[in-house]
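[1] Need a 3D model of the following:
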Amino acid sequence: MDIRNVFQEAKRILNPVGGAVHFVDLSDRFQDQDPSISRITFLRFSEAEWERIAGHEFAYCNRLRASDYISLLHVSERHFNRNKEKGQR
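    The predicted structure is shown next:
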């Protein structure tokens with residue numbers, strides 16, 4: 001599921017003054033198995049290299065950074081406010 005959909009669904013189901021709390025582990029999932037890997041080793045690879053290494057469902061690793069989530073939240077918020085102005089929830 002696309003994370004934008006998660007934010008939009010939260011906006012849809014939350015009370016207008018409601019809130020949501022999320023914890024997102026931004027570390028390299030391979031570090032759990034190999035202590036010699038740093039928490040951000042996966043960021044040194046290009047998208048193409050990373051796709052070769054871990055581009056399948058069994059090796060999924062979230063490569064979004066905190067700033068990416070903030071940007072996605074802002075986009076979702078603008079989308080929600082635009083719909084609200086049109087009379088949609």
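[2] where do the helices sit along this structure?
    Secondary structure of the chain (DSSP state H): helices at 3-13, 47-54, 66-85.
[3] TSV for those, including distance to Ser36 and mean neighbour count?
    Bear in mind the C-beta positions are built from the backbone N, C-alpha and C, glycine included. Formatted as TSV, the entries for the helices of the chain read as follows, by distance: least, Cβ to Cβ, whole Å; neighbours: other Cβ atoms under 10 Å:
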stretch	distance to Ser36	mean neighbour count
helix 3-13	30	15
helix 47-54	16	12
helix 66-85	25	13
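[4] Figure out which of the ones you listed is closest to Arg39.
    Of all the helices of the chain, it is helix 66-85 that lies closest to Arg39, at 13.3 Å by Cβ to Cβ.
[5] what's around Ser46, how many residues?
    Each residue near Ser46 was counted by other Cβ atoms under 10 Å, and the total is 8.
[6] Could you measure from it over to Val6?
    When distance is defined by Cβ to Cβ, to the nearest Å, Ser46 is 27 Å away from Val6.
[7] Check Arg63 too.
    Computed with Cβ to Cβ, the distance linking Arg63 and Val6 is 17 Å.
[8] Quick one: low-confidence residue ranges for the protein.
    Screening the chain residue by residue with the criterion pLDDT under 70, one finds the ranges 1, 76, 78-89.
[9] For Val24, which non-adjacent residue is closest in space?
    Distances taken as Cβ to Cβ, 6 or more residues apart in numbering place Tyr69 nearest to Val24, at 6.7 Å, with adjacent residues excluded.
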